[in-house]
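[1] Return atomic coordinates for the entry below.
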Amino acid sequence: MIEQLTVQDYILFDQAQIDFDQNMSVITGETGAGKSLLIDAIQAISGERIGKGVVRKGKDKAILQMVLSNPSKEVCQMLEENGFDVEDTIIITRIVSASGKSRMLLNSRTTTNSFVAKIVSRMVDIHSQMDTIRLMDPALQLEMLDRFAKNEERLAQTRAAYSRLRAVSAKIRKLKNETFSQDRLDYLTTRLNAIQNAKIKEGELEALEQKIAKAEQIQDAFDSMSEALYLYRKEGGIQDLLVEAAGCLKNHQTEEEFGTRLTDLAFEVQDLFERVSDVKNETMMQEGHLDKMQERLFLIKDLFRENGGTYESMTKAAKDMEEQIDQILHRQDVFERLEKERRHAMSEYTKQASLLHQARKAVVPALKELVEKHARDLMLEHCVFDIHFDKKQPSSDGMDAVEFYASMNPGQAPSPLKASASGGELSRLMLALKVVFQAEDGIGTLVFDEIDTGVSGKVALAMGSKMHALAKDYQVLCITHLPSVAVWADDHYCVSKSTDGTITTTQVSELSQEDHFKELAIMASGNADEAGVSSMKELARRVRHG
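    Numbering: from 1, shown residues only. Okay, the predicted model is just below:
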């Protein structure tokens, strides 16, 4: 649910904060006062696009914030998978600068508009007059039917089968449209032979680079080893000097121990330089091997560069070339094989689409009964609801062309929604649909933005009653201009506008029970005299207690 909505320096609002409860909250106010700005703020916080002109004149930024509570398991899982701490409360903040740039924060951590939209869409549903128009779209109606029927798994299987069918059909089309020549065959064969002859192994490039780096390090030490060996072996060099020094010490018997130790040291040095000599000789022998490794490295990199840049892309390119060569050499055989694959894919797709169709048809009676029941509650006593099925070309969501049909008058044949109802009837029918389908969505908050346009009197009372009934299971926020809807409010907020002649400011305040009835009277007759207030109190008593 939405626990709190805060707006600061937002269009006409200087500062406004509303604390909502788990009930039916109504927002009213004169036309132009700014009621719908609050819904716009919720939508902006929910990740929708926002324009430059939302920052209050003279301010450098607008701050919009919404506090949500009781996230579902699905929402908690999404938060956890994206590195957010899972808490009972979610705080979403959107900061918009005067230049139009904005920043989105979720629990004080920067995130994207799209991620916030995914989170909020699973917690809050906003229904406006525009959504009533959208609900007439057959594509959206099909989505709603599938949600009601819980067809997620069937849809996934149908989409997978359709994807396979499209893939093989695309291969057939490509093969039909391609023209092959001997030059093309020679080109493909040359490229494929180059890859196959190279016999490159996975990970070989990286291993070869490491070997070359090590060999180059040894190569770099070659000159140093040569210089060291020269200093050791040259006439009068280290070797001669050590021998001469050892001989000098041996001439004095008292110092014979030093001479022996120096002789031993001379042999150790000799062993060391023999090893240096061996390594130098090995390096000379490996010089040709290094050249070969570098040639191999160049070949691998060249083939990678020509075929996508990686071992995986080169392997895929080789496979594609094999298929193309096979298509050139055995064109008719390939056609026959692909056509066989296509028939099999079509058979599997048809099976899955048929199962999906059956699942959709199976829920129509229950859906029809529910919609008509809620329509009668909204004083559409003669409403007949039905779902019309046509067959369409294979697509990812099956072969059903679905459209909602309705009839509002006895003896009138059902027809598409847009042709079957007046504006007021359509608003009521859409509310009935929203009630039915909402139960399948797992959303906790329903926002209705002036969906009662075009209705009045008993019909408006019925719509208010239906929204109030919804508030037993959902948090309901309703913007309305009708007292017969607002009378059902558990909490009533009033939006008003004031000006000092130069600056216009919009405020929102929670009404006391007495002010609630005064506001209802003003909405009904334009003034809050004693008779008007008493009339609204009586209306409230009748709708609540009969």
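[2] From now on I want contacts and neighbour counts done on CA atoms only, so please keep to that.
    Will do.
[3] which residues are in contact with stretch 360-371?
    145-146, 148-149, 151, 385-387, 432-433, 436 (C-alpha atoms under 8 Å, 6 or more residues apart in numbering).
[4] Give me the distance from stretch 424-440 to the chain's centre.
    28 Å (C-alpha atoms, centre = their mean, to the nearest Å).
[5] now stretch 3-21
    With C-alpha atoms, centre = their mean, you get 28 Å for stretch 3-21.
[6] Show me which residues of that stretch are buried.
    3-16, 18, 20-21 (16 or more other C-alpha atoms under 10 Å).
[7] Ends of it, what's the gap?
    End-to-end distance for stretch 3-21, by C-alpha to C-alpha, to the nearest Å: 7 Å.
[8] Enumerate residues external to that stretch that contact any of its residues.
    So stretch 3-21 is contacted by 2, 34, 41-42, 53-57, 59, 61-69, 475, 504-510 (C-alpha under 8 Å, 6+ apart).
[9] ChimeraX command for the buried members of these?
    In ChimeraX syntax, the buried subset of these is picked out as below (16+ other C-alpha under 10 Å):
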select :2,34,41,42,54,55,56,61,62,63,64,65,66,67,68,69,475,505,506,507,508,510
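[10] Now do the contacts for residue 405.
    Taking C-alpha under 8 Å, 6+ apart as the test, what residue 405 contacts is 385-388, 414-417, 420.
[11] Narrow these to those in helices?
    417, 420 (DSSP state H).
[12] Out of the contacts of residue 405, which is nearest to residue 401?
    Within the contacts of residue 405, the smallest distance to residue 401 is 8.1 Å, found for residue 388 (C-alpha to C-alpha).
[13] That closest one: how many residues sit nearby?
    17 (other C-alpha atoms under 10 Å).
[14] on that earlier part again, mind listing which of the contacts of stretch 360-371 are in strands?
    Secondary structure from DSSP state E places 385-387 of the contacts of stretch 360-371 in strands.
[15] Most neighbours among those residues, please name it.
    residue 385 (24 neighbours).
[16] Just grab the bridge partners of it for me.
    residue 406 (DSSP bridges).
[17] Hmm, it is touching residue 409, no?
    No: applying C-alpha atoms under 8 Å, one finds residue 385 not in contact with residue 409, separated by 11.5 Å.
[18] What helix or strand is residue 497 located in?
    strand 491-499 (DSSP states H and E).
[19] Residue 350: neighbouring residues, count only.
    Using other C-alpha under 10 Å, residue 350 has 18 neighbouring residues.
[20] separation between it and residue 164?
    From residue 350 to residue 164 the distance is 12 Å (C-alpha to C-alpha).
[21] likewise residue 231?
    Taken as C-alpha to C-alpha, the span from residue 231 to residue 164 is 75 Å.
[22] So between those two, which is more surrounded?
    residue 164 (18 against 13).
[23] any idea how far residue 483 is from the nearest residue to residue 484 once chain neighbours are set aside?
    Take residue 484 and drop its neighbours on the chain: the residue closest to it by C-alpha to C-alpha, 6 or more residues apart in numbering is residue 461, 5.0 Å away. Counting by C-alpha to C-alpha, the gap from residue 461 to residue 483 is 9 Å.
[24] can you check residue 296 too?
    Applying C-alpha to C-alpha to residue 296 and residue 483 gives a distance of 85 Å.
[25] The two: which is more packed in?
    Per other C-alpha under 10 Å, whichever of residue 296 and residue 483 has more neighbours is residue 483, with 25 against 16.
[26] Contact partners for that one?
    Residue 483 neighbours (C-alpha under 8 Å, 6+ apart): 520-521, 523-524.
[27] now that we have those, which one has the most neighbours?
    residue 520 (27 neighbours).
[28] quick one, the helix or strand it falls within and strand 491-499 angle?
    In this assignment (DSSP H and E), residue 520 forms part of helix 513-525. Calculated by axes from the mean of the first three to the mean of the last three C-alpha atoms, to 10 degrees, helix 513-525 forms an angle of 70 degrees with strand 491-499.
[29] Run through the bridge partners of residue 391.
    The partner residues for residue 391, given DSSP bridges, come to residue 400.
[30] and it, how many residues sit next to it?
    Residue 391: 11 neighbours (other C-alpha under 10 Å).
[31] With the one 5 residues further on instead?
    Using other C-alpha under 10 Å as the criterion, residue 396 is surrounded by 17 other residues.
[32] And residue 134, how far from residue 122?
    Residue 134 is 19 Å from residue 122, by C-alpha to C-alpha.
[33] So for the two, which residue has more residues nearby?
    Per other C-alpha under 10 Å, whichever of residue 134 and residue 122 has more neighbours is residue 122, with 17 against 13.
[34] And that one, what's its pLDDT?
    Per-residue confidence (pLDDT) for residue 122: 86.
[35] The nearest residue to it once chain neighbours are set aside: what secondary structure?
    Sequence neighbours aside, residue 443 is the residue nearest to residue 122 in space, at 5.7 Å (criterion: C-alpha to C-alpha, 6+ apart). Recorded secondary structure, residue 443: coil (DSSP: H, G, I helix; E, B strand; the rest coil).
[36] What about residue 443, how many residues nearby?
    19.
[37] so it touches residue 124, yeah?
    Yes: using C-alpha under 8 Å, residue 443 makes contact with residue 124 at a distance of 5.9 Å.
[38] Buried residues in stretch 370-385, which are they?
    Buried residues in stretch 370-385 (16+ other C-alpha under 10 Å): 370-380, 383-385.
[39] no wait, stretch 263-280
    Neighbour count says stretch 263-280 has 263, 266, 269-270, 273, 276-277, 279-280 buried, by 16+ other C-alpha under 10 Å.
[40] Among those residues, which ones are in helices?
    Short answer: these in helices (DSSP H) are 263, 266, 269-270, 273, 276-277, 279-280.
[41] Report the two of those separated the most.
    Taking every pair in these and measuring C-alpha to C-alpha, the maximum separation is 25.6 Å, between 263 and 280.
[42] still on that earlier bit, as CSV, the contacts of residue 483 with distance to residue 117 and pLDDT would be great.
    Shown next, in CSV, are the contacts of residue 483 (distance: C-alpha to C-alpha, whole Å; pLDDT from 0 to 100):
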residue, distance to residue 117, pLDDT
520, 35, 93
521, 39, 93
523, 35, 90
524, 38, 89
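[43] what about the residue nearest to residue 495 when sequence neighbours are not counted, distance to residue 26?
    Spatial nearest neighbour of residue 495, chain neighbours left out: residue 508 (4.4 Å); criterion: C-alpha to C-alpha, 6+ apart. Relative to residue 26, residue 508 is positioned 12 Å away (C-alpha to C-alpha).
[44] cool, residue 372 as well?
    Taken as C-alpha to C-alpha, the span from residue 372 to residue 26 is 26 Å.
[45] same check, this time on residue 116
    Distance check for residue 116 against residue 26: by C-alpha to C-alpha, it reads 25 Å.
[46] Could you check how many residues crowd around residue 35?
    For residue 35, using other C-alpha under 10 Å, the count is 25.
[47] which ones are touching it?
    Contacts here follow C-alpha under 8 Å, 6+ apart; on that basis residue 35 touches 27-29, 479, 495.
[48] Now which of those would you call buried?
    Counted by 16+ other C-alpha under 10 Å, these give 27-29, 479, 495 as buried.
[49] Tell me which of the residues you listed has the lowest pLDDT.
    Comparing these by pLDDT, residue 29 comes last, at 87.
[50] Can you give me every residue that contacts that one?
    35, 481, 494-496.
[51] Done for today, thanks.
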